[in-house]
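K.L.:
Got a predicted structure plus its sequence, pasted below:
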Amino acid sequence: MRISEQEALDLFLKTPLDELCAMANAKKEARHGKNVFWVNNRQINYTNVCVLKCSFCSFSKIKKTDSNAYDWTLEEIIAKARAAVQSGAKELHIVGGLHPDHPFEYYLNMLATLRKMFTGVNLKAFTAVEICHFAKLAGRHVRDVLQDLKNAGLDALPGGGAELLGEEIRHKICGKKETGAEWLEVHKEAHLMGIPTNATMLFGHIEKIEDRIEHMSLLRKLQDEAPGFFAFIPLVFHPENNPLGHKVGHKASEEDVLRTIAVSRLFMDNFPHIKAYWIQTGIPTAMKAIHAGASDLDGTIMEEKITHAAGADTWVGMSPEKMRGLIQNEGLIPVERDALYDVISVSP
Ligand code: V47
Ligand code: SF4
């Protein structure tokens with residue numbers, strides 16, 4: 001039976017950790033058995049120039065002229081994609097800052113070029129925030145922007161930019177960003193036109209547990225109305241080099257991360273997967289999370305800039321062998337997938 005927001009809050013606050021993790025693990029195993037999904041992927045953060053400055057972001061540079069601002073050329077992007085595909089990548093995860101100048105055609109051309117050159121890889125590209133930015137710049141409706149991107153080769157949208165969708169807390173941490181309602185609308189439009197997506201949640205800063213539950217509830221509601229989410233990804237706030245971090249000063253504890261993952265598995269009953277994003281949780285916590293409701297470890301990643309700018313000390317990439325070994329060491333079954341969750345290989 002579906003649990004209510006109040007029940008989710010009580011589970012989070014009152015249930016002993018072991019018990020909560022066991023409940024979430026039972027839910028995960030009922031869906032996926034011992035399987036843990038992962039993808040051979042590469043992140044491509046094509047620019048860090050951004051017209052916004054969200055309080056939690058250590059990645060963006062407002063000015064193109066900042067000494068460490070960058071904006072890769074199409075040739076540089078192709079070179080990164082080629083190296084990834086040659087080492088077996090099945091997903092390119094392409095996101096960047098909101099660049100002030102590039103016209104929408106620039107992004108269409110980026111996708112169309114990658115699509116033409118590399119056929120066996122999924123293009124999971126552009127957060128809802130980037131989609132809104134493109135729509136604004138081009139004076140087009142979000143639906144048309146998504147349709148053009150789909151025609152150019154877009155396979156899926158990543159889940160970034162969701163942060164916390166509730167109005168009050170969103171206003172406090174990223175008031176200038178698109179609203180929660182706008183974020184949800186982009187994902188709804190994508191689902192309605194057959195583009196699957198993910199959803200993230202940035203937690204472990206100034207929010208209340210109630211804000212996290214409200215966020216999950218908004219996502220669960222949208223998934224009921226217009227299904228299309230594959231995975232929910234709780235993102236652990238990293239406090240270095242950003243204004244929000246100066247206020248908060250520390251990262252969420254392991255217990256907080258595991259409780260968040262476990263409650264999300266129990267509450268978001270219409271989401272196929274909960275991801276433990278090892279880049280942010282660290283590997284030891286990610287290994288606990290796959291016994292506490294998480295059924296997915298994201299991937300090999302190869303390059304990561306957003307969390308590392310904010311103090312992450314995990315490796316920037318992981319080999320497929322290491323990924324399989326980590327999962328097997330936990331007595332679980334690694335299932336290699338692509339961005340659309342089609343199975344590539346199972347390693348019992
Ligand atoms: O949108 C920014 C977050 C996101 C910080 O869809 C921060 O499969 C922690 O969305 N500390 C980008 N997080 C990452 C992302 C993602 C990652 C993995 C898989 C998928 C997927 C999506 O990173 C941003 C923002 O919410 N972020 N700053 C920070 N200081
Ligand atoms: Fe820009 Fe995204 Fe950073 Fe916000 S989180 S400042 S939109 S790059």
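P.N.:
Sure, I can see it. Residues are numbered from 1 along each chain as shown. Ligands and ions are numbered 1, 2, ... in the order given.
K.L.:
OK, contacts around the one residue in the stretch 201-348 of the chain that gets nearest to ligand 2?
P.N.:
Using Cβ to the nearest ligand atom, the single residue of the stretch 201-348 of the chain nearest to ligand 2 is residue 306, 7.3 Å away. Heads up, the C-betas are built off the backbone N, CA and C, glycines and all. For residue 306, the contacting residues are 45, 57, 58, 59, by Cβ atoms under 8 Å, 6 or more residues apart in numbering.
K.L.:
how does it look with 7 Å?
P.N.:
45, 59 (Cβ atoms under 7 Å, 6 or more residues apart in numbering).
K.L.:
can I assume residue 92 is in contact with residue 42?
P.N.:
Yes - Residue 92 is within contact range of residue 42, at 5.8 Å (criterion: Cβ atoms under 7 Å).
K.L.:
shared neighbours of those two, anything?
P.N.:
By Cβ under 7 Å, 6+ apart, the residues touching both residue 92 and residue 42 are residue 84.
K.L.:
which intervals of this structure have sub-threshold pLDDT?
P.N.:
Within the chain, no stretch has pLDDT under 70.
K.L.:
Grab the most central residue of it for me.
P.N.:
residue 159 (4.2 Å; Cα atoms, centre = their mean).
K.L.:
Now for it: which residues touch it?
P.N.:
Neighbours of residue 159 in contact, by Cβ under 7 Å, 6+ apart: 197, 198, 199, 200, 233.
K.L.:
Within range of ligand 1, give me the residues from the protein.
P.N.:
56-58, 127, 158-161, 163, 198, 200, 202, 233, 235, 237-238, 242, 277, 280, 298, 306-307, 310 (Cβ under 6 Å from any ligand atom).
K.L.:
And the residue nearest to the centre of the chain, how far from residue 236?
P.N.:
Per Cβ to Cβ, to the nearest Å, residue 159 is found 14 Å from residue 236.
K.L.:
before we move on, back to that, ok, the contacts of residue 159 vs ligand 1, which is closest?
P.N.:
residue 198 (3.5 Å).
K.L.:
Near that closest one, how many other residues are there?
P.N.:
26 (other Cβ atoms under 10 Å).
K.L.:
Now for it: which residues touch it?
P.N.:
By Cβ under 7 Å, 6+ apart, residue 198 lies in contact with 158, 159, 229, 230, 231, 233.
K.L.:
ok but it is inside a strand, no?
P.N.:
Yes - assessed by DSSP: H, G, I helix; E, B strand; the rest coil, residue 198 belongs to a strand.
K.L.:
what about the residue nearest to it when sequence neighbours are not counted, helix or strand, and which?
P.N.:
Once flanking residues are discounted, residue 198 sits nearest to residue 159: 3.2 Å by Cβ to Cβ, 6 or more residues apart in numbering. Of the helices and strands defined by DSSP states H and E, none includes residue 159.
K.L.:
Out of the residues of the chain next to ligand 1, which sit inside helices?
P.N.:
Among the residues of the chain next to ligand 1, the residues falling in helices (DSSP state H) are 280, 306, 307.
K.L.:
what sits against the first one?
P.N.:
Applying Cβ under 7 Å, 6+ apart, one finds that residue 280 lies in contact with 235, 236, 238, 307, 312.
K.L.:
Now for these, which sits with the most neighbours around it?
P.N.:
residue 238 (25 neighbours).
K.L.:
how many other residues sit next to residue 50?
P.N.:
Residue 50 has 21 neighbouring residues, counting by other Cβ under 10 Å.
K.L.:
Go ahead and confirm it touches residue 60.
P.N.:
Yes - between residue 50 and residue 60 a contact is recorded at 3.6 Å, counting by Cβ under 7 Å.
K.L.:
Show me whatever sits in contact with both of these two.
P.N.:
In contact with both residue 50 and residue 60: residue 97, using Cβ under 7 Å, 6+ apart.
K.L.:
Could you single out the nearest of the contacts of residue 280 to residue 267?
P.N.:
residue 235 (17.1 Å; Cβ to Cβ).
K.L.:
Helices along the stretch 201-348 of the chain, start to end?
P.N.:
Ranges of helices in the stretch 201-348 of the chain, per DSSP state H, counting those that start in this stretch, are 209-225, 243-248, 254-267, 278-281, 283-289, 306-309, 320-329.
K.L.:
Check which residues of the third one are buried.
P.N.:
It stands for helix 254-267. Across helix 254-267, burial judged by 16 or more other Cβ atoms under 10 Å covers 254, 256-267.
K.L.:
Now for whatever residue of the chain ends up closest to ligand 1: which residues touch it?
P.N.:
At 2.7 Å from ligand 1, residue 160 is the closest residue in the chain, using Cβ to the nearest ligand atom. Neighbour list for residue 160: 95, 127, 200 [criterion: Cβ under 7 Å, 6+ apart].
K.L.:
Tell me how far it lies from residue 132.
P.N.:
12 Å.
K.L.:
can you check residue 181 too?
P.N.:
Plainly put, residue 181 is 11 Å away from residue 132 if you go by Cβ to Cβ.
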